[in-house]
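K.L.:
Okay, structure incoming, though there's no sequence with it:
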DNA sequence: TGTATATTTGCACAATGATGCAAATGAGCA
DNA sequence: TGCTCATTTGCATCATTGTGCAAATATACA
């Protein structure tokens, strides 16, 4: 999941949100991040400049390493993390660009739904 | 929750993400949106230009109205929706500005963590 | 006050999710 | 091949969550 499907806002209406909000806001993405432990893993990896192995990540976690492994796999399946195998170890890292882009797209979509355009709409369809 | 706490990136380091990612990414926010039914409610309300009552919203939902009421309350408690009572009815609407701002802040925070600054960093700390 | 409508809440039950342990799988190395 | 380490997976258990029904609460109105 988390395919970005780079679709421009159609701006056929002055409300751009009627099109694809349901697809953009995928509950699986939010489900992946609804657990405090998984959030912690994301933060841990985001603060890390390099990919980290499961063991390295699990060092600072109070839970069993199998739990960490499962959580990392969930974040990977949600498109939030990237995993690459080097030897016996699996190195996880945050898919920063994709994640940032998705959040940005969500922010823009919600912004486009604002009834009062106080948030400085960049496409001012003046009429 | 969902207090925005308008803190500027400190940019003391070239990685701005080390500060408050853990607070910014609140699992309660994601938990509120991890259910497909609640996502549908958010989309429904975002597509609506005006606030809608619980009954109006529940009309297009396959679940009991009590479930809708509970879901709306969860989204309200998460800071995603606004509720205001008019007579016997409670009208819900999306807190567009706040929601967009939160998503934007998250996007920026993740963007700042990108190891390769391919995503057009707006604050180019050139060195 | 009594009635009707809108919404919320208590409760029970089913479904889902998180966790730890142990076993299995995969990869490097002697 | 046999051994070791890293990671994943099966399984059982416990906790959390979603759901619907019924009752309770809140508000408007006759």
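P.N.:
Alright, I've got the coordinates. The structure presented is a predicted model; accordingly, all values stated were derived computationally and were not measured.
K.L.:
Spell out the secondary structure type for the residue nearest the centre of chain A.
P.N.:
Per C-alpha atoms, centre = their mean, the C-alpha nearest to the average position across chain A is that of residue A:99, at 3.9 Å. Of the three states, residue A:99 takes helix according to DSSP: H, G, I helix; E, B strand; the rest coil.
K.L.:
check contacts around the nearest residue to it once chain neighbours are set aside.
P.N.:
Excluding the flanking residues, the one nearest residue A:99 by C-beta to C-beta, 6 or more residues apart in numbering or on different chains is residue B:110, at 5.0 Å. Heads up, the C-betas are built off the backbone N, CA and C, glycines and all. Applying C-beta atoms under 8 Å, 6 or more residues apart in numbering or on different chains, we find residue B:110 in contact with A:46, A:94, A:96, A:99, A:100, A:103, B:17.
K.L.:
Now do the phi/psi pair for residue B:110.
P.N.:
With angles defined as degrees, to the nearest 10, residue B:110 sits at phi -70, psi -40.
K.L.:
re the thing from before, does the residue nearest to the centre of chain A touch residue A:80 like I think?
P.N.:
Yes. Here residue A:99 reaches residue A:80: they are 5.8 Å apart, a contact under C-beta atoms under 8 Å.
K.L.:
The helix or strand in which residue A:72 is found near DNA strand D anywhere?
P.N.:
Per DSSP states H and E: residue A:72 is located in helix A:65-77. Yes. Legend: contact between helix A:65-77 and DNA strand D by C-beta under 7 Å from any atom of the strand is shown at A:65, A:66, A:69, A:70, A:72, A:73.
K.L.:
gap between the third one and residue B:93?
P.N.:
Okay, so that is residue A:69. 42 Å (C-beta to C-beta, to the nearest Å).
K.L.:
Run through who's touching whichever strand or helix holds residue A:31.
P.N.:
Element membership for residue A:31 (DSSP H and E) is helix A:27-32. Helix A:27-32 has contacts (C-beta under 8 Å, 6+ apart) with A:1-2, A:38, A:74-75, A:77-80, A:102, B:30-31, B:33-36, B:38-39.
K.L.:
Weed out the non-buried ones from these.
P.N.:
Buried subset of the contacts of helix A:27-32 (neighbour count, 16 or more other C-beta atoms under 10 Å in any protein chain shown): A:2, A:38, A:74-75, A:78-80, A:102, B:30-31, B:33-35, B:38-39.
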